[in-house]
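Visitor: one predicted model, sequence on top.
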Amino acid sequence: MLHHFENGWKAAQSFRDLNELFGKGTISESQCRDWFARFKSGDTSLEDKPGRGRPSDFDDQALLASVEEDENLTTRMLAEDSNVSQSTVDRRLKKLRSVKNRWMGSPRALVQKQIVRIFCCETNKHHF
């Protein structure tokens, strides 16, 4: 994109070219315009600027370790242990590509009704 800017391209041209070259959705037109505005102001560094607000001090690795240690923990329990809100835990798990509360139903903790249901499904699946 910087190459496009330095060669006199417009942001819209660069947007079309980048999405054609690297695939649709590579960059949005507004992102392209923002980068071009930044280049025009004299800032040609390709590093992202730090985000607004204070940096997060939340430890994602500790959260993952807790989840791996005890698969039966709920997001509420994780939030209490981490001293953050449940919505923070939800967001962090989603960011880490975890599924919300996926560990709530551990196979070791199946109740009898669930075991019977699984058995019935397994024995009858060849009928479908």
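Guide: Here it is on my side, so go on.

Visitor: now the helix or strand containing Arg117: mean pLDDT?
Guide: Applying DSSP states H and E as the criterion places Arg117 in helix 112-124. Mean pLDDT, helix 112-124: 68.

Visitor: so what's Asp60 up against?
Guide: The contact partners of Asp60, by CB atoms under 8 Å, 6 or more residues apart in numbering, come to 92, 95-96. From N, CA and C alone the C-beta is placed, and that goes for glycine too.

Visitor: and it, its phi and psi?
Guide: The phi/psi pair for Asp60 (degrees, to the nearest 10) reads phi -60, psi -40.

Visitor: so how far is Ala79 from it?
Guide: Using CB to CB, to the nearest Å, Asp60 is found at 14 Å from Ala79.

Visitor: mind checking the SS state of Met77?
Guide: Here Met77 is recorded as helix under DSSP: H, G, I helix; E, B strand; the rest coil.

Visitor: ok, it to Lys95 distance?
Guide: Counting by CB to CB, the gap from Met77 to Lys95 is 19 Å.

Visitor: so for the most centrally placed residue in the chain, what's the pLDDT?
Guide: Among the residues of the chain, Lys95 comes closest to the average C-alpha position under CA atoms, centre = their mean, at 3.1 Å. Here the pLDDT value assigned to Lys95 is 76.
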